[in-house]
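Asker: Sequence and predicted structure are below.
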Amino acid sequence: MELKKLIQNKKARVAVIGLGYVGLPTALELAKTGFQVFGIDIKKERVDSVNRGRSFIFDVSSEELKKAVRAKKLKAFNNHQPLKKSDVVLICVPTPLDKNKVPDLSYIKNTTKEIAKYLHKNQLIVLESSTYPGTTREIILPELQKSGLKVGKDFYLAYSPERIDPGNKDYKFKDIARVAGGITKKCTELTAQFYQSFIEAEIMPLSSPEVAEMTKILENTFRLVNISMINELALLCGKMGIDIWEVITAAKTKPYGFMPFYPSPKIAGHCIPLDPFYLSHKAKEYNFWPRFIELAGEINDQMPHSVVTRTIWALNLQKKSVRGSKILVWGVSYKKDVGDPRESAAIDIIPDLLRKGAKIDYFDPYVKELEILGSRTSTGSPTSVRLKSVKYSPKILKNYDLVLILTDHSDSTSRPEAGFDYDEIAKKSKLVVDTRNAIKSRKYKNVFWL
Ligand SMILES: NC(=O)c1ccc[n+]([C@@H]2O[C@H](COP(=O)([O-])OP(=O)(O)OC[C@H]3O[C@@H](n4cnc5c(N)ncnc54)[C@H](O)[C@@H]3O)[C@@H](O)[C@H]2O)c1
């Protein structure tokens, strides 16, 4: 049957490569729509977990996962063989930066090699991972064309970025509009048709994969630059004795021409602080230095240091030094109500405070254990420290010289089962540094905001 018909009738078999924050919800949504889905991951524990119907992603319900697995609509594999019988292949693998902030495309390259082994006629391949403009055409296409099959005629290739926002309850998977750019017009048409078969929001066809790749980077650069700008203003406001949070609330009253962005101890996660540097790297091929991105990155990289300085300053006001102080770090995930600590502020701030002699515990209802890299050894390799979240009860607050709020997970005022309340934290702690405006009232003299 023609691919278009297979998609229309939900008879297309879909392989999702990479069962992480993007791949797993996508695989589940496809299975719920009626497609036969093969989830593929190199991590055996993730594959086993999916096949047991146990979700490891906060936004994915184990109940729904179990249902899809039991209905035999979703099965996970620890090898790439299901690609042989797949009509559509979605690539959802990581695109990190290496330690020198250079794009690491190894995951995309390895995946492409696997796809090339099983590539066959009438197959649609879509890259969803965030990356620089040119990746689909320059990295994936040549590898696939080694097979002798022709793109746009024998097989189809496109880029359609994922826009998932972990923890966001306002937008369901089906409500998030997408863009799609294929190597040929037919590639774009098939891709748009495929996504429209399980997404209710608009699917916008674009003229090329490069436009789609740049669209994703624009979205994330927009956030990186604006949050960095507000972080810089927050630091200045700190020096001037002006409350940045009150300023933003005031500016928001303007009905047009202003969009609020909020300070944070670091712009973190797997997307916003990384993707713009994919573009920045690529731009140099064109003798172009995108200064906004570099400047935003510089401010962002300085934020954890500024938070540590604020912490030292707050302790100092109470005639305490950081050395020997007991500090409770509140929240280690990169944003509220998610369990993902990748690139988070805590990963930078905790080792810095430890090196300065502080005694650190942390509490995070979503991150039970945290591995952090400590100081470098004489051989240059960093040592790793594993911490466990403490069990929270208001009684423990008196044991700490300072509570440092890095992530503002919802408290019992908006999530009754949370078991904590920011006002109570302000009341019962000796000293608090709040980098997220989790404590709204300004009546507390022992609280310092970023
Ligand atoms: N996390 C987000 O909120 C988000 C949002 C939009 C876009 N993205 C982008 O989506 C991509 C994936 O991000 P993620 O957060 O889902 O990553 P993730 O690390 O959570 O998941 C990726 C998965 O791919 C697997 N993998 C790696 N190489 C593989 C291979 N060769 N074959 C099979 N599996 C392989 C890994 O084991 C991992 O389980 C990235 O490019 C990211 O920038 C992420």
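Answerer: Noted; the coordinates are in hand. Residues are numbered from 1 along each chain as shown.

Asker: The closest residue to residue 251 other than its chain neighbours: how many residues sit nearby?
Answerer: Once flanking residues are discounted, residue 251 sits nearest to residue 258: 5.3 Å by C-beta to C-beta, 6 or more residues apart in numbering. (C-beta placed from N, C-alpha, C; glycine too.) Neighbour count of residue 258, defined by other C-beta atoms under 10 Å: 11.

Asker: now do residue 311
Answerer: Neighbour number of residue 311 under other C-beta under 10 Å is 25.

Asker: Am I right that it is in contact with residue 433?
Answerer: Yes: counting by C-beta atoms under 8 Å, residue 311 touches residue 433, with 5.3 Å between them.

Asker: Excluding chain neighbours, what is closest to the closest residue to the ligand within the stretch 51-200 of the chain?
Answerer: Going by C-beta to the nearest ligand atom, the ligand is nearest to residue 129 of the stretch 51-200 of the chain, at 3.2 Å. Once flanking residues are discounted, residue 129 sits nearest to residue 95: 4.7 Å by C-beta to C-beta, 6+ apart.

Asker: So the one you found belongs to a strand, correct?
Answerer: No: assessed with DSSP: H, G, I helix; E, B strand; the rest coil, residue 95 is coil; it does not lie in a strand.

Asker: quick one: contacts for it?
Answerer: 103, 104, 105, 107, 108, 129, 130, 131, 274, 275, 278 (C-beta atoms under 8 Å, 6 or more residues apart in numbering).

Asker: 7 Å instead?
Answerer: By C-beta atoms under 7 Å, 6 or more residues apart in numbering, the contact set of residue 95 is 103, 107, 108, 129, 130, 131, 278.

Asker: any idea which helix or strand carries the last one?
Answerer: In other words, residue 278. helix 275-283 (DSSP states H and E).

Asker: Residue 201 touches residue 176, doesn't it?
Answerer: Yes: between residue 201 and residue 176 there is a contact at 5.8 Å, judged by C-beta atoms under 7 Å.

Asker: still on that earlier bit, pLDDT on the helix holding residue 278, on average?
Answerer: Computed over helix 275-283, the mean pLDDT rounds to 97.

Asker: One more: stretch 334-341?
Answerer: When pLDDT is averaged over stretch 334-341, the result is 92.

Asker: Look up how far residue 313 lies from the residue in the stretch 1-150 of the chain positioned nearest to the ligand.
Answerer: The stretch 1-150 of the chain approaches the ligand most closely through residue 20 (1.8 Å), counting by C-beta to the nearest ligand atom. Applying C-beta to C-beta, to the nearest Å, the value for residue 20 to residue 313 is 39 Å.

Asker: quick one: which of those two has more around it?
Answerer: Each of residue 20 and residue 313 has its neighbours counted (other C-beta under 10 Å); residue 20 has more, 18 against 13.

Asker: In three-state terms, label the more buried one for me.
Answerer: Under three-state DSSP, residue 20 falls in the coil class.

Asker: pull the longest helix from this protein.
Answerer: Longest helix in the chain, counting residues (DSSP state H): helix 209-240.

Asker: The helix or strand following that helix to helix 209-240, inter-axis angle?
Answerer: Per DSSP H and E, helix 209-240 leads on to helix 244-251 as the next helix or strand towards the C-terminus. Angle of helix 244-251 versus helix 209-240, following axes from the mean of the first three to the mean of the last three C-alpha atoms, to 10 degrees, is 120 degrees.

Asker: who in the stretch 151-300 of the chain is up against the ligand?
Answerer: Within the stretch 151-300 of the chain, the residues that sit near the ligand (C-beta under 6 Å from any ligand atom) are 162, 164, 166, 270, 271.

Asker: By neighbour count, which of these wins?
Answerer: Counting by other C-beta under 10 Å, top hit in those: residue 271 with 27 neighbours.

Asker: For the protein, which residues score under the pLDDT cut-off?
Answerer: Low-confidence segments of the chain (pLDDT under 70): 374-382.

Asker: In three-state terms, label the nearest residue to residue 61 once chain neighbours are set aside for me.
Answerer: Using C-beta to C-beta, 6+ apart and skipping the chain neighbours, the partner closest in space to residue 61 is residue 55 (6.4 Å). Following three-state DSSP, residue 55 is assigned to coil.

Asker: In this structure residue 55 contacts residue 67, no?
Answerer: No: the pair residue 55 / residue 67 is not scored as a contact, 11.6 Å apart, by C-beta under 7 Å.

Asker: So for the two, which sits in the more crowded spot?
Answerer: The residue with more neighbours, out of residue 55 and residue 67, is residue 55; 19 against 16, by other C-beta under 10 Å.

Asker: I'd like to know how far that one sits from residue 20.
Answerer: Residue 55 sits 12 Å away from residue 20, going by C-beta to C-beta.

Asker: The nearest residue to residue 35 once chain neighbours are set aside: which element?
Answerer: Sequence neighbours aside, residue 14 is the residue nearest to residue 35 in space, at 5.0 Å (criterion: C-beta to C-beta, 6+ apart). Per DSSP H and E, residue 14 falls inside strand 13-17.

Asker: What pairs with that strand, parallel or antiparallel?
Answerer: strand 36-40 (parallel), strand 88-91 (parallel) (DSSP bridges).

Asker: Centre of the chain to that strand, how far?
Answerer: Chain-centre distance of strand 13-17: 22 Å, with C-alpha atoms, centre = their mean, to the nearest Å.

Asker: What would the helix or strand following that strand look like as PDB? C-alpha coordinates only.
Answerer: Scanning forward in sequence from strand 13-17 by DSSP H and E, the next helix or strand is helix 23-33. Provided in PDB are the C-alpha atoms of helix 23-33 (Å, rounded to 0.1, in the frame of the first residue of the first chain):
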ATOM      1  CA  GLY A  23      10.500   9.900  22.300                       C
ATOM      2  CA  LEU A  24       8.400   8.200  25.000                       C
ATOM      3  CA  PRO A  25       5.400  10.700  25.000                       C
ATOM      4  CA  THR A  26       5.500  10.600  21.200                       C
ATOM      5  CA  ALA A  27       5.500   6.800  21.000                       C
ATOM      6  CA  LEU A  28       2.600   6.700  23.500                       C
ATOM      7  CA  GLU A  29       0.500   9.300  21.600                       C
ATOM      8  CA  LEU A  30       1.000   7.400  18.400                       C
ATOM      9  CA  ALA A  31       0.000   4.100  20.000                       C
ATOM     10  CA  LYS A  32      -3.100   5.700  21.500                       C
ATOM     11  CA  THR A  33      -4.100   7.000  18.100                       C
END
